[in-house]
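**Student:** how would this look folded up:
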Amino acid sequence: MRSPTDRRQPQKSDIRRTAILESLDHHLRESGFDALNIADVTRRAGVTRSAFYFYFENKAAAVAALLEPMYDDGFMARDLLSSTDRPPRARIRGMLDALLDTVDEHRYLLQAMLEARATSAAVRTLWDDARESFVPSVAAMINGERSGGRAPAGTAPDVLASLLLEFNDRLMERYTVGGRLSRDDLLSGAETIWLRTIYAEDGA
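**Tutor:** Model prediction:
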């Protein structure tokens, strides 16, 4: 999967793009997004600045491309939530655990993405579109739970799904940047919010 912020379509053997992203990853680990310098990235990658801009509009767009492998983590979390053969609490806890595991594995990238999102409209749109792409499946799960008598009727499922996913967005951001609440605190609180929003109770 290629990032929508890429300026060019994929080539059969795109060695230069791979070299740029590997160099970018190295520099993000060492110095973070603010200190990131495109000249240093291209020097380490063995390409010219014009080669960088051939693929990416700016460093924010390149950071967005680095997050491509994380989309698979999002699909896994969605599948955990949608497996309605398991109790609600187990499904929701599994989904939330998977999201925070993703942060643990890619924290430096998420920190860079948060900074990139603040400065690039294209990256903000990419982030929002990725989140919104999960709304239909979460809304279908809510609707199915209501149809099966396991959840009460209420606000439109797509509205609830959109707001809950925005909440997850904020949860991942808080866990990425840190704060006074521990991982267990965040998980416990988030689990309660999901369960009470969908099931109007703490769930089984």
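
**Student:** output the contacting helices and strands for the host helix or strand of R117.
**Tutor:** Here R117, judged by DSSP states H and E, is contained in helix 88-119. For helix 88-119, the packing partners by 3 or more C-beta pairs under 8 Å, 6 or more residues apart in numbering; DSSP states H and E come out as helix 15-31, helix 59-66, helix 70-82, helix 121-132, helix 157-177, helix 183-199. The way it works is simple: take the backbone N, C-alpha and C, and place the C-beta from them, glycine included.

**Student:** pick the most buried one from those helices.
**Tutor:** Greatest average neighbour count among the helices and strands packed on helix 88-119 goes to helix 59-66 (a mean of 24), per mean count of other C-beta atoms under 10 Å.

**Student:** could you give the angle of that helix to helix 88-119?
**Tutor:** Counting by axes from the mean of the first three to the mean of the last three C-alpha atoms, to 10 degrees, helix 59-66 lies at 150 degrees to helix 88-119.

**Student:** and the chain, what are its domains?
**Tutor:** Taking automatic domain parsing as the reference, the chain has its domains at 15-65, 67-199.

**Student:** need these in JSON lines (columns: mean pLDDT).
**Tutor:** Output for the domains of the chain, formatted as JSON lines (pLDDT from 0 to 100):
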{"stretch": "domain 15-65", "mean pLDDT": "90"}
{"stretch": "domain 67-199", "mean pLDDT": "91"}
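
**Student:** return the residue of the protein that is most distant from the centre.
**Tutor:** G149 (31.3 Å; C-alpha atoms, centre = their mean).

**Student:** quick check on that one: phi, psi?
**Tutor:** Main-chain dihedrals, G149, degrees, to the nearest 10: phi 80, psi 10.

**Student:** again with R180
**Tutor:** The phi/psi pair for R180 (degrees, to the nearest 10) is phi -80, psi -20.

**Student:** again, but for F134
**Tutor:** Dihedral angles (degrees, to the nearest 10) for F134: phi -90, psi -10.

**Student:** what do you get for F56?
**Tutor:** phi -130, psi 140.

**Student:** I figured it hits A65, correct?
**Tutor:** Yes - if you go by C-beta atoms under 8 Å, F56 and A65 touch, sitting 6.9 Å apart.

**Student:** quick check, R86 in a strand?
**Tutor:** No - going by DSSP: H, G, I helix; E, B strand; the rest coil, the assignment for R86 is coil, not a strand.

**Student:** what's the burial count for it?
**Tutor:** Look at R86: counted by other C-beta atoms under 10 Å, it has 12 neighbours.

**Student:** all numbers from here: first residue = 120
**Tutor:** With the count now opening at 120, the last piece we talked about shows up as R205.

**Student:** re earlier: how close does the residue farthest from the centre of the chain get to Y318?
**Tutor:** 11 Å (C-beta to C-beta, to the nearest Å).

**Student:** and the gap between the nearest residue to R243 once chain neighbours are set aside and D288?
**Tutor:** Nearest residue to R243, sequence neighbours excluded (C-beta to C-beta, 6 or more residues apart in numbering): R236, at 5.1 Å. Per C-beta to C-beta, R236 is found 10 Å from D288.

**Student:** sounds good, over and out.
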